[in-house]
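[1] Predicted model, plus sequence, below.
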Amino acid sequence: DVENYDDSKDDLLSFCSIIDDQDDIHQTLMKNYVMVRLVSIVEFNLKAFVSELIDDLDLKPEKILKEDSISVNLDFLQNFQSEFYTKGRIITALLDKMNPGTIYSIMSRINHLDYFRWYDSLMPSKQGKTWTDFNNLFAKRNDVIHNLDVVDDSVSDLIDKIKQFHNFPYLLFIFTKMNIIINDKK
């Protein structure tokens, strides 16, 4: 739901607007929340956009995954309702996480190129930084969750990250569709 995705971004930006009004402890807790929530939103929506790409372009599963087969978690099977699941949704539902390595692998296979290098060539302002920024975002979230690290970014840096990574799934979707259409039409 693109509207919900945009609303989530707006909620995070609104939340950031009150961080500086808090005491130091609450500022730290709020920044940690923003980092965890941002990655969760991006990860969830990357799954949705990849699912839509698979279905919209009728991509073959072997073009997306390295494995020859997939196993189905019984919990997934319990909640399975066929009218709600498409090939794309099944594939992305079975992916454990949409971390940078998974996204790189899937998008490189779909596009038949080194995805992040290509993405950066289309976004000159990035100049090779997308992979590093994307990887660092997920690593920081993991450090906050698993190592009880704290986010020491300024509020303005967090706002920049929210805006940057909000656009990433949209651009991933658009650039991939354009690339595949161009390649199909030669």
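    Structure's in. What do you need?

[2] going forward, measure contacts and count neighbours with C-alpha atoms only.
    Noted.

[3] continuing past the helix ranked longest in the chain, what's the next helix or strand?
    The single longest helix within the chain, with elements called by DSSP state H, is helix 24-56. Moving toward the C-terminus from helix 24-56, the next helix or strand (DSSP states H and E) is helix 61-64.

[4] which outside residues touch that following helix?
    For helix 61-64, contacts defined as CA atoms under 8 Å, 6 or more residues apart in numbering pick out 68, 91, 106-107, 109-110.

[5] mind saving the C-alpha coords of it as CSV?
    Output in CSV follows, covering the C-alpha atoms of helix 61-64 (Å, rounded to 0.1, in the frame of the first residue of the first chain):
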residue,chain,number,x,y,z
PRO,A,61,11.4,-17.8,-9.8
GLU,A,62,14.7,-19.3,-10.9
LYS,A,63,15.6,-15.8,-12.2
ILE,A,64,15.2,-14.4,-8.7
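
[6] Quick one: mean pLDDT for it?
    Helix 61-64 carries an average pLDDT of 78.

[7] Could you list the buried residues of that helix?
    63-64 (16 or more other CA atoms under 10 Å).

[8] and what of stretch 132-140?
    Under the neighbour-count criterion of 16+ other CA under 10 Å, stretch 132-140 has 133-134, 137-138, 140 buried.
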